[in-house]
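Novice: Curious how this folds, go ahead:
(chains A and B)
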There are 2 protein chains.
Amino acid sequence: MRHTNIFTKTRKEYPKDELAKNAQILIKAGFVHKEMAGVYAYMPFGIKVLENIKKIARSEMNNVSGQEMIMSSLQKKETWELTDRWADANVDIWFKSQLKNGTEIGFGWSHEEPITEMMKSFITSYKDLPIYTYQFQTKFRNELRAKSGIMRGREFVMKDLYSYSKNEEDHKTFYNKMIDAYKSFYERVGLGKDTFVTVASGGVFTKNISHEFQTICDAGEDVVYIDRENNIAYNEEAIEDTGIDKNKLEQAKTAEVGNIFSFGSDKCEQMGLMFMDADGIKKPVTLGSYGIGITRVMGVIVEKYADEKGLIWPKNIAPYHIEIVSLFKEKDDNVYEQSEKIYNLLKDKYEILLDDRYAGAGSKMFDADLYGIPLQIIVGDKSLAKGVVEMKNRQTEEVEEVDINDVESAVFDMYAKLF
Amino acid sequence: MRHTNIFTKTRKEYPKDELAKNAQILIKAGFVHKEMAGVYAYMPFGIKVLENIKKIARSEMNNVSGQEMIMSSLQKKETWELTDRWADANVDIWFKSQLKNGTEIGFGWSHEEPITEMMKSFITSYKDLPIYTYQFQTKFRNELRAKSGIMRGREFVMKDLYSYSKNEEDHKTFYNKMIDAYKSFYERVGLGKDTFVTVASGGVFTKNISHEFQTICDAGEDVVYIDRENNIAYNEEAIEDTGIDKNKLEQAKTAEVGNIFSFGSDKCEQMGLMFMDADGIKKPVTLGSYGIGITRVMGVIVEKYADEKGLIWPKNIAPYHIEIVSLFKEKDDNVYEQSEKIYNLLKDKYEILLDDRYAGAGSKMFDADLYGIPLQIIVGDKSLAKGVVEMKNRQTEEVEEVDINDVESAVFDMYAKLF
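Specialist: Predicted coordinates:
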């Protein structure tokens, strides 16, 4: 992609009305636009990152036989009254409005209830089970304060999967499969190393067990206790329940990047989602729910990796794999010509941003660092005079001079080293 | 895809609470689920159709240099007050709510205003223009009545593109390019033959010209006058303006499937989106907006093609290209084995649904007709005894017997004939 075909602009300064580092840098880099506190639009570079994260989540969910669908944002009061989650006294983050005839409606902040209600049309017998279904849905939450940028918005994108199983045993098997799917997801988006499965409630597998996925991150709001030997962590609540001595574990500040819940059969019983089992007895379905805040994951990645120069993206979610920083003066000079050559050489194998704007060398290099595309190829006349280009690994800041004839193999090697 | 891996169920009867044919059939076939009047969820088959339509729209928009981004649903009162479109007296379809601190917010029913407001961060000079940007966005419209199924919902998906040009001439060039992009879109989704560019206001190119795309359809709410010789139509309002004798044209009942507007520079002037032109003079940007209701297009396609047996999908948007209707009795019998063989033979070239459910032949054939996948391969023991399978073109209802050894070439030929 040529930069001149993208409407985007960087700013010299951070926006003054943002407290969160993620929002400050994303706005400075032109990846997001602030609509109001906690509400952001995603510009061309930003939506590419989001879509890359979604693509990885989708492949992991399909891999465990998840079926994609999409519920509505508009929600019926009746559905949520079945579980006592309509009243503002019980759930204080509803956005509510009303139809012309005065009927109260809400905007979905979660979807367990409507999906479970909907499943009454699809589940009647044990033969219909299990069902694993997921969506990418915009959620609305009327947060009192919204100061964490895209990490905790009033409007945000979530991947939520729901499992409907015929008994606790089947549920448990799937729940454990989901733990592995989540691990793989965080690995692939670039958070694997510092993300821990965290026991959130219940030390062993109980009906109401839940796990969080917590990433070590200074901007996180949580504290967990990490047992590195067993590759697991405990949150504050769980560690008190389990009686493990927290002084023997590593304490870390973390951000929650996902959570999974077992509801047992309580919620389906409450809502009347029953099935006829093989033994001829009517039983409530066993429910699990599995969330990943897609926009939140993007925010945590920004917080975790960005430096004073700007964003740094893991390669699987970067808007582009490589940026060619072309320091040409005129569009017919040697620098431009060599940049085009490299672009054409690589463009079928990598997603490439070619900075073809008329702008000063300093401002192009400033922008490239700010965008955080993990590999930069800097093409300038001084290097070309020596027969080389500069390649910069934005994740490590290492710079190498590479012979102009060896660009392809050098890119291959450097790309392999990126996380 | 194996049918047993998809949670979906057909119904014997149409739902009783739907007046619109599209919603009746889509619900009967399990493609959509009704949340409330005018609000639908899209089940696994339904979302596949939607995503196919979006994919075609995306490719057409990218093809005219459109850049994808995504705005927010939550909307600020201040932005809409600039054009007097906040007050319920002026726009009577807002869903509104409020933040915890009492600030009024709205849910986006359109996005011209917030995108134009946002563009103030990206447009200052003529060098920044033109910009063409689009999104797929869920829109919320508080319709008084919602009786048209997914053709006119309270919550629906729209593709909306906005063009920002430096003058009327550039705008006009792009506007005409968009007419061609839209024609190509309707062609590709299967509505080309009966969709007409319709002059909606202004007979020649004026600042406030607008066009609709109207598809001949019994369920349509509009009437247009078609000039087949010139491949154009006029709506009621335009024909009065132009003075053309409507008795000389063909009158048809139609459904609007898209519309495009020229705003001239009025809206940008109103909102303060100005740029410094090459001549050093500050000027307001020229705006165009271009909408396609994605869910509406899906509804119109259902209305137009479905028959008494069920849905009929054009091949480019069908959830699957081919359904193998496998009338096996046991999963180790010859019918099942042959079905698997055909599935494996074709599955890398086509998207295939294999009906691997234990169910009666009648109910499988009933469901296949209801799903409307355009090509059916019916594998049963009577045909197999003759060394053939039946192939059915669901669009024409033609059935052919095909030698079991000629399946691949027969599929190729029949597939080519589908619209």
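Novice: For burial, what's the neighbour tally of A:Lys405?
Specialist: Just to correct that, residue A:405 is Asn rather than Lys. If you count neighbours by other Cβ atoms under 10 Å in any protein chain shown, A:Asn405 ends up with 10. For every residue, glycine as well, the C-beta is placed using N, CA and C.
Novice: tally of neighbours for the residue nearest to it when sequence neighbours are not counted?
Specialist: Distances taken as Cβ to Cβ, 6 or more residues apart in numbering or on different chains place A:Gly387 nearest to A:Asn405, at 8.0 Å, with adjacent residues excluded. Using other Cβ under 10 Å, A:Gly387 has 11 other residues around it.
Novice: Could I get the contacting residues of A:Gly387?
Specialist: A:Asp403, A:Ile404, A:Asn405 (Cβ atoms under 8 Å, 6 or more residues apart in numbering or on different chains).
Novice: A:Asp194 too?
Specialist: A:Thr215, A:Ile216, A:Cys217, A:Lys304.
Novice: Just the C-alpha atoms of the helix or strand hosting the last one, please, in PDB.
Specialist: Here A:Lys304 sits within helix A:294-305, counting by DSSP states H and E. Included here for helix A:294-305 are C-alpha records, laid out as PDB according to Å, rounded to 0.1, in the frame of the first residue of the first chain:
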ATOM      1  CA  ILE A 294     -10.600  -7.400  21.100                       C
ATOM      2  CA  THR A 295     -10.100  -3.600  21.400                       C
ATOM      3  CA  ARG A 296      -8.800  -4.100  25.000                       C
ATOM      4  CA  VAL A 297      -6.200  -6.600  23.700                       C
ATOM      5  CA  MET A 298      -5.100  -4.000  21.200                       C
ATOM      6  CA  GLY A 299      -4.800  -1.500  24.000                       C
ATOM      7  CA  VAL A 300      -2.800  -3.800  26.300                       C
ATOM      8  CA  ILE A 301      -0.400  -4.500  23.400                       C
ATOM      9  CA  VAL A 302       0.100  -0.800  23.000                       C
ATOM     10  CA  GLU A 303       0.700  -0.300  26.700                       C
ATOM     11  CA  LYS A 304       3.100  -3.200  26.900                       C
ATOM     12  CA  TYR A 305       5.300  -2.600  23.900                       C
END
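Novice: What are the boundaries of the helices in the stretch 101-250 of chain A?
Specialist: When assigned using DSSP state H, counting those that start in this stretch, the helices of the stretch 101-250 of chain A occupy the ranges A:112-119, A:168-189, A:236-242.
Novice: how about these, which one is nearest chain B?
Specialist: Nearest to chain B among those is helix A:112-119 (5.1 Å), distances taken as Cβ to the nearest Cβ.
Novice: elements contacting the closest one?
Specialist: Judged by 3 or more Cβ pairs under 8 Å, 6 or more residues apart in numbering or on different chains; DSSP states H and E, the packing partners of helix A:112-119 are strand A:74-76, helix A:77-81, strand A:155-165, helix A:266-271, strand A:286-293, strand B:32-36.
Novice: Show the subsequent helix or strand relative to the last one.
Specialist: Once the chain leaves strand B:32-36, the next helix or strand it forms, by DSSP H and E, is strand B:39-42.
Novice: likewise the fourth one?
Specialist: Scanning the chain past helix A:266-271 towards its C-terminal end, the next helix or strand to appear is strand A:274-276 (assignment: DSSP H and E).
Novice: The next helix or strand after that next one pairs with which strands?
Specialist: Note on strand A:274-276: by DSSP H and E, the next helix or strand toward the C-terminus is strand A:282-284. Here strand A:282-284 is paired, per DSSP bridges, with strand A:274-276 (antiparallel).
Novice: quick check, distance from the partner strand to the centre of its chain.
Specialist: Distance of strand A:274-276 from its chain centroid, counting by Cα atoms, centre = their mean, to the nearest Å, is 35 Å.
Novice: C-alpha coordinates for stretch A:34-48, CSV please?
Specialist: Taking C-alpha atoms only, stretch A:34-48 is exported to CSV below (Å, rounded to 0.1, in the frame of the first residue of the first chain):
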residue,chain,number,x,y,z
LYS,A,34,-11.6,10.0,20.0
GLU,A,35,-15.4,10.5,19.7
MET,A,36,-15.9,11.1,23.4
ALA,A,37,-14.4,9.7,26.6
GLY,A,38,-14.3,5.9,26.3
VAL,A,39,-15.6,6.0,22.7
TYR,A,40,-13.2,5.7,19.8
ALA,A,41,-13.3,5.4,16.0
TYR,A,42,-10.7,3.2,14.3
MET,A,43,-8.9,4.9,11.4
PRO,A,44,-7.4,2.9,8.4
PHE,A,45,-4.3,1.7,10.3
GLY,A,46,-6.3,1.1,13.5
ILE,A,47,-9.0,-1.1,11.9
LYS,A,48,-6.3,-3.2,10.2
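Novice: any bit of that stretch sitting next to chain B?
Specialist: Yes. Applying Cβ under 8 Å from any Cβ of the partner chain, one finds stretch A:34-48 in contact with chain B at A:Glu35, A:Met36, A:Val39, A:Tyr40, A:Ala41, A:Tyr42, A:Met43, A:Pro44, A:Gly46, A:Ile47.
Novice: How far off centre is that stretch?
Specialist: Here the centre of stretch A:34-48 is set off from its chain's centre by 14 Å, with Cα atoms, centre = their mean.
Novice: Tell me the helices and strands packed up against the helix holding A:Lys304.
Specialist: Counting contacts by 3+ Cβ pairs under 8 Å, 6+ apart, helix A:294-305 packs against helix A:21-28, helix A:44-63, strand A:155-165, strand A:210-216, strand A:250-264.
Novice: neighbouring contacts of the first one?
Specialist: What it means is helix A:21-28. Helix A:21-28 is touched from outside by A:10-11, A:13-15, A:18, A:32-34, A:40, A:46, A:148-151, A:219, A:299-300, A:302-303, A:306, A:310-311, A:370, with contacts defined as Cβ under 8 Å, 6+ apart.
Novice: That one versus strand A:32-36: what angle between them?
Specialist: 110 degrees (axes from the mean of the first three to the mean of the last three Cα atoms, to 10 degrees).
Novice: Quick one: work out the angle between helix A:21-28 and helix A:44-63.
Specialist: Going by the same axes, to 10 degrees, helix A:21-28 makes 130 degrees with helix A:44-63.
Novice: swap in the shortest one?
Specialist: In terms of direction (the same axes, to 10 degrees), strand A:210-216 departs from helix A:44-63 by 140 degrees.
Novice: tell me the angle strand A:210-216 makes with helix A:168-189.
Specialist: Using the same axes, to 10 degrees: strand A:210-216 against helix A:168-189 is 10 degrees.
Novice: contact partners of stretch A:364-374?
Specialist: By Cβ under 8 Å, 6+ apart, stretch A:364-374 touches A:10, A:25, A:28-29, A:45, A:305-306, A:309-315, A:318-323, A:325-327, A:353, A:355, A:357, A:359, A:376, A:378, A:393-395, A:418.
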